[in-house]
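Enquirer: The following block contains a protein sequence and its predicted model.
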Amino acid sequence: MPSNNSKRALIVGVTGQDGAYLARLLLEKGYVVFGTSRDADLANLAGLRTLGIAEQVRLSSMSPTDFRSVFSVITSTKPAEIYNLAGQSSVGLSFALPAETMESIVTGTLNLLEAVRLVDPSIRFYNAGSSECFGDTNGEAATEDTAFRPRSPYGVAKAAAFWQVANYREAYRLFCSSGILFNHESPIRPTRFVTRKIVSSVARIARGSEEKLSLGNLEISRDWGAAQEYVDAMWRMLQSEDAGDYVIATGQSATLQTFVETAFAAAELDWRHHVVVDEALLRPTDILVSKGDAAKAAEQLGWHAQTKLPELIQQLVAAEMQRAS
Ligand code: NDP
């Protein structure tokens, strides 16, 4: 139970994968947790319910692109920490919804920063940056000093929001930090993301489905970690003495084909009998290899990725099989 002097945190986008895991972490630490959804009455609370915390998060309606709602929620909840996790978060969808992606991420972040400045500049602010800002780094592990060359509307929007945060830190001395997070997964990721799409299909095929799993480019490589660990890095950033930007990654990259092979093998299936490549799923531009170097987070935050890919895939497949049965 939170005590009278519990810290108050506001998670913007609490209904998403990271919002749910972060809410659980903060509740375990004794925080009073406020969360937002664009429509609190219609919000999808499945992730929060799966983690058993839906009743403990105090939910409000807030649209990050609507300054009035941002100002009003921050004024009424009086948080010591704000975590900005909201916005259109799918790289693939950003090619179909470029303006919505840009507005929800760039205007949304700007409104939050302005509201913090006006309501209470002592609020500590975390911003969900993304490895998609880097684009292709030719197989090199990206650090905080690697140049941004985004290759999707989503990456462009995240890069703009990153520089807004950096500017508010310098110009107004706000305590605001961006986590440049590489891909992180969990059993509560929506199925439109490729990892959950794969493990959901594996679980159905293992139970007798004759479906084919359609995928795009199997040669892309990603640095995949576990969402539960990545939200801990967010919290650590706001407990640090100084604000700053941090790459959060495992440091290892594997191809999508390796992910698929390992996921099917975990259910004792041969992926080659069940997967088809669909050209329609190829993106106009994509990142071939994505890999991060989280040495700064290790040194300054004491954060390390514990779960590496084979174990992560085992966990995802096991959770999906359990859900299916
Ligand atoms: P999710 O998509 O699961 O959650 C994002 C939340 O934002 C949703 O629950 C939704 O809440 C809200 N949202 C969705 N679309 C919009 C929109 N157009 N305008 C305003 N709000 C919207 O994301 P994750 O939890 O996976 O990620 C959290 C943050 O971290 C995101 O900003 C994402 O881009 C970023 N990130 C994620 C990575 C990952 O691997 N998961 C990697 C790097 C960065 P509601 O519908 O209730 O309003």
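Expert: Received it, and whenever you're ready, just let me know what you need.

Enquirer: and the residue of the chain found nearest the ligand, how far is that from residue 188?
Expert: Distances between the chain and the ligand by Cβ to the nearest ligand atom are smallest at residue 16, namely 2.1 Å. C-betas here are computed from N, CA, C, even on glycine. Between residue 16 and residue 188 the distance is 9 Å, computed by Cβ to Cβ, to the nearest Å.

Enquirer: still on that earlier bit, neighbours of the residue of the chain closest to the ligand, just the number please.
Expert: 24 (other Cβ atoms under 10 Å).

Enquirer: show me the residues around it that make contact.
Expert: 47, 85, 86, 89 (Cβ atoms under 8 Å, 6 or more residues apart in numbering).

Enquirer: Of those, which ones also sit close to the ligand?
Expert: When contact is defined as Cβ under 6 Å from any ligand atom, these meet the ligand at 85, 86, 89.

Enquirer: how would you label the second one: helix, strand or coil?
Expert: Following DSSP: H, G, I helix; E, B strand; the rest coil, we place residue 86 in the coil state.

Enquirer: need the ones next to the ligand among the contacts of residue 16 in CSV with distance to residue 107, can you?
Expert: Listed next are the ones next to the ligand among the contacts of residue 16 as CSV, based on distance: Cβ to Cβ, whole Å:
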residue, distance to residue 107
85, 16
86, 11
89, 15
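
Enquirer: So which residues on the stretch 151-300 of the chain come close to the ligand?
Expert: Counting by Cβ under 6 Å from any ligand atom, the stretch 151-300 of the chain sits next to the ligand at 181, 183, 184.

Enquirer: tell me, which helix in this structure spans the most residues?
Expert: helix 153-172 (DSSP state H).

Enquirer: Mind listing what's buried along that one?
Expert: 153-162, 164-166, 168-169 (16 or more other Cβ atoms under 10 Å).

Enquirer: go on, stretch 263-273?
Expert: For stretch 263-273, using 16+ other Cβ under 10 Å, the buried residues are 263, 264, 265, 266, 267, 271.

Enquirer: now stretch 73-84
Expert: 73, 74, 77, 79, 80, 81, 82, 83, 84.

Enquirer: is that stretch anywhere near the ligand?
Expert: No. For stretch 73-84, no contact with the ligand is found by Cβ under 6 Å from any ligand atom; the gap never falls below 7.4 Å.

Enquirer: May I have the distance across that stretch, first residue to last?
Expert: 13 Å (Cα to Cα, to the nearest Å).

Enquirer: Report all helices and strands that the longest helix of the chain contacts.
Expert: helix 91-96, helix 98-102, helix 108-119, strand 124-130, strand 176-181, strand 245-248 (3 or more Cβ pairs under 8 Å, 6 or more residues apart in numbering; DSSP states H and E).

Enquirer: could I have the first one exported to CSV, CA atoms only?
Expert: Coordinates of the C-alpha atoms in helix 91-96 are reproduced here as CSV (Å, rounded to 0.1, in the frame of the first residue of the first chain):
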residue,chain,number,x,y,z
VAL,A,91,7.1,1.4,-37.7
GLY,A,92,5.1,-0.5,-40.4
LEU,A,93,1.9,1.5,-39.7
SER,A,94,3.8,4.8,-39.8
PHE,A,95,4.2,4.5,-43.6
ALA,A,96,0.4,4.3,-43.9
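
Enquirer: For residue 35, which three-state class applies?
Expert: Residue 35 is classified as strand under three-state DSSP.
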